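> Model the structure of this input:
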Amino acid sequence: MASALAAKMGFNFLIKKHAKYFKVKICTMESDMEFRCELNWKGKDLFDLVCRTLGLRETWFFGLRYDIKDTVAWLKMEKKVLDQEVPKEEPITFHFLAKFYPENAEEELVQDITQHLFFLQVKKKILEEEIHCPPEASVLLASYAVHAKMKSRVFSS
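I've put the predicted structure just below:
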């Protein structure tokens with residue numbers, strides 16, 4: 001009776017079932033974000049939300065990685081998030097990382113946020129010795145980092 005009255009009065013939104021959600025935590029190189037996702041979301045839905053939140057347009061280099069048992073895996077874009085082997089405890093943690101590296105970063109990484117995310121990831125991998133970096137290249141990279149930091153201070157003042 002009440003649902004029929006609500007339908008007649010145009011309050012269909014009151015009788016619709018509320019979508020069920022699950023929580024995710026997205027870890028980037030500089031911050032963590034939390035989102036509520038609908039149960040039927042595919043990997044692409046979550047990935048697009050993260051990219052929009054970051055203001056990232058050069059999305060093709062990146063992916064969402066998660067840890068499962070003693071290994072890591074990348075979230076598949078075409079499959080539902082919960083149909084994959086992601087951890088089932090909430091919030092489900094994903095790492096927003098570069099999945100592909102460009103051949104020529106100077107030409108292919110146009111957007112500042114893309115360059116920044118790549119820089120942070122490469123810096124971390126060098127410091128953790130996951131990437132070998134010869135001493136000459138280390139000095140050059142350090143000079144670029146200092147230059148970029150000083151440049152950002154000039155623009156922010």
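> where does the residue most central in space within the chain land in three-state SS?
Central residue of the chain (C-alpha atoms, centre = their mean): residue 96, 3.4 Å from the mean position. Of the three states, residue 96 takes strand under DSSP: H, G, I helix; E, B strand; the rest coil.
> wait, what's in contact with the residue lying closest to it once chain neighbours are set aside?
Excluding the flanking residues, the one nearest residue 96 by C-beta to C-beta, 6 or more residues apart in numbering is residue 28, at 4.8 Å. Where you see a C-beta, it was placed from the backbone N, CA and C, and this is true even at glycine. Contacts for residue 28 (C-beta atoms under 8 Å, 6 or more residues apart in numbering) come out as 54, 95, 96, 117.
> List the contacts of residue 142.
With contacts defined as C-beta under 8 Å, 6+ apart, residue 142 has no neighbours.
> Shouldn't it be within a strand?
No: judged by three-state DSSP, residue 142 forms no part of a strand; its state is helix.
> Residue 103: which of the contacts of residue 28 is nearest?
residue 117 (17.7 Å; C-beta to C-beta).
> Next, the closest one: secondary structure please.
Residue 117 - assigned by three-state DSSP - is helix.
> ok, now residue 67?
When classified by three-state DSSP, residue 67 comes out as strand.
> And residue 133, by the same measure?
Per three-state DSSP, the local secondary structure of residue 133 is coil.
> Give me the pLDDT value at it.
Turning to residue 133, the model gives it a pLDDT of 84.
> Okay, the residue nearest to it when sequence neighbours are not counted and residue 110: tell me how far apart.
Closest residue in space to residue 133, ignoring its immediate chain neighbours: residue 126 at 4.8 Å, by C-beta to C-beta, 6+ apart. As for residue 126, its distance to residue 110 is 23 Å (criterion: C-beta to C-beta, to the nearest Å).
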